[in-house]
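*Asks:* no letters, just coordinates:
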């Protein structure tokens, strides 16, 4: 948003969409320091600027189970004609692990709704339930290209590091750090059925141990199960309302107003007229009523 001078510094507002909120919130709390420094209490706010406002648009502050789904599935960003991204490709994207869900710990249930002791941050559970690169068909495919994806030992070396750094980043964002005079705004959608918990069910295999299927809201196989409604929550299709509101106490206290609710899926909200109108209002308030 347009900037102006304040006390010799450039006053700016940050508009953060989706997981861009992780970057903006970390910048405001810690500046450009590394994870290890931030964990030891080091803060280095950006020089020369004052962040007056942070606008969160469709943000999964507490993570999303759809990230696990994405790590498990092939995806085309352009339907039909677009290039297919396979799980082994997503496996290498460290930023995805930063958005695994932390807003609740009881993420997994069986077909009857009973809670399962499964940890999305535990490498052993990734192997046990065949997530991402550990799915049999993916493991078979990547075994043919160790030059690209490494052998099993290298995969087991990479994953705990990626999970560890993702969880540590989330812990730092949840830490109650003073955000000063910065005011927060939130633009959300709570009208869509959104994954809140995942169903794990065994799938009989011809040879070898029993395989597992991980189902979340949006999967056709889950829609046919009686448990389907119980594992969904209101949200924007990607982040449940609880995740959108998952902020530290100091950030929650810095909210300038109640969230503005806008219709549209997670990645569409930023384009909605209601969102743009709200950004104009925030911009005008920063400018003292100017255009």
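*Replies:* Nice, thanks for sending it over. Remember, it's a predicted structure, so these values are computed and weren't measured experimentally.
*Asks:* residues contacting residue 268?
*Replies:* Counting by CB atoms under 8 Å, 6 or more residues apart in numbering, residue 268 makes contact with nothing. For glycine as for every other residue, the C-beta is placed from the backbone atoms N, C-alpha and C.
*Asks:* try it again at 10 Å.
*Replies:* Taking CB atoms under 10 Å, 6 or more residues apart in numbering, we find residue 268 in contact with 58, 189, 236-237, 262, 275.
*Asks:* name the pair among these with the greatest separation in space.
*Replies:* 237 and 275 (15.4 Å; CB to CB).
*Asks:* hang on, the earlier thing: wait, which of the contacts of residue 268 is closest to residue 254?
*Replies:* residue 58 (19.1 Å).
*Asks:* residues in contact with that closest one?
*Replies:* 16-18, 20-21, 186-189, 235-239, 244, 262, 264-270, 272, 275 are the contacts of residue 58 under CB under 10 Å, 6+ apart.
*Asks:* among the contacts of residue 268, which are located in helices?
*Replies:* residue 275 (DSSP state H).
*Asks:* show me where pLDDT drops low in the stretch 51-200 of the chain?
*Replies:* Low-confidence segments of the stretch 51-200 of the chain (pLDDT under 70): 76-82.
*Asks:* just the strands in it please.
*Replies:* 75-76, 84-85, 108-109, 183-188, 192-195, 198-203 (DSSP state E, counting those that start in this stretch).
*Asks:* how far out from the middle of the chain is the last one?
*Replies:* Put plainly, it is strand 198-203. A distance of 22 Å separates the centroid of the chain from that of strand 198-203, by CA atoms, centre = their mean, to the nearest Å.
*Asks:* how many degrees apart are the following helix or strand past that strand and strand 198-203 in direction?
*Replies:* As assigned by DSSP states H and E, the chain's next helix or strand after strand 198-203 is strand 211-215. Computed with axes from the mean of the first three to the mean of the last three CA atoms, to 10 degrees, the direction of strand 211-215 lies at 150 degrees from that of strand 198-203.
*Asks:* which residues are contacting strand 211-215?
*Replies:* Against strand 211-215 from outside (CB under 10 Å, 6+ apart): 65, 68-69, 72-73, 108, 111, 118, 125, 128-131, 135-136, 195, 198-205, 219, 221-225, 227-228, 231.
*Asks:* among those residues, which ones are buried?
*Replies:* Buried members of the contacts of strand 211-215, scored by 16 or more other CB atoms under 10 Å, are 65, 68-69, 72, 108, 118, 125, 129-131, 135, 195, 198-201, 219, 222, 225, 227-228, 231.
*Asks:* thinking again about what came up before, minimum distance to residue 44: which of the strands of the stretch 51-200 of the chain has it?
*Replies:* Going by CB to CB, the one of these nearest residue 44 is strand 183-188, 21.2 Å.
*Asks:* the closest one packs against which elements?
*Replies:* Counting contacts by 3 or more CB pairs under 10 Å, 6 or more residues apart in numbering; DSSP states H and E, strand 183-188 packs against strand 9-17, helix 20-30, strand 49-57, helix 241-244, helix 249-253, strand 260-261, helix 273-286.
*Asks:* would a markdown table of the ones you listed with distance to residue 147 be doable?
*Replies:* Output for those, formatted as a markdown table (distance: least, CB to CB, whole Å):
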| stretch | distance to residue 147 |
| --- | --- |
| strand 9-17 | 36 |
| helix 20-30 | 32 |
| strand 49-57 | 40 |
| helix 241-244 | 38 |
| helix 249-253 | 44 |
| strand 260-261 | 49 |
| helix 273-286 | 45 |
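*Asks:* wait, what's in contact with the closest residue to residue 35 other than its chain neighbours?
*Replies:* Of all residues not flanking residue 35 in the chain, residue 168 sits nearest, at 5.5 Å (CB to CB, 6 or more residues apart in numbering). Going by CB under 10 Å, 6+ apart, residue 168 touches 35-36, 38-39, 98.
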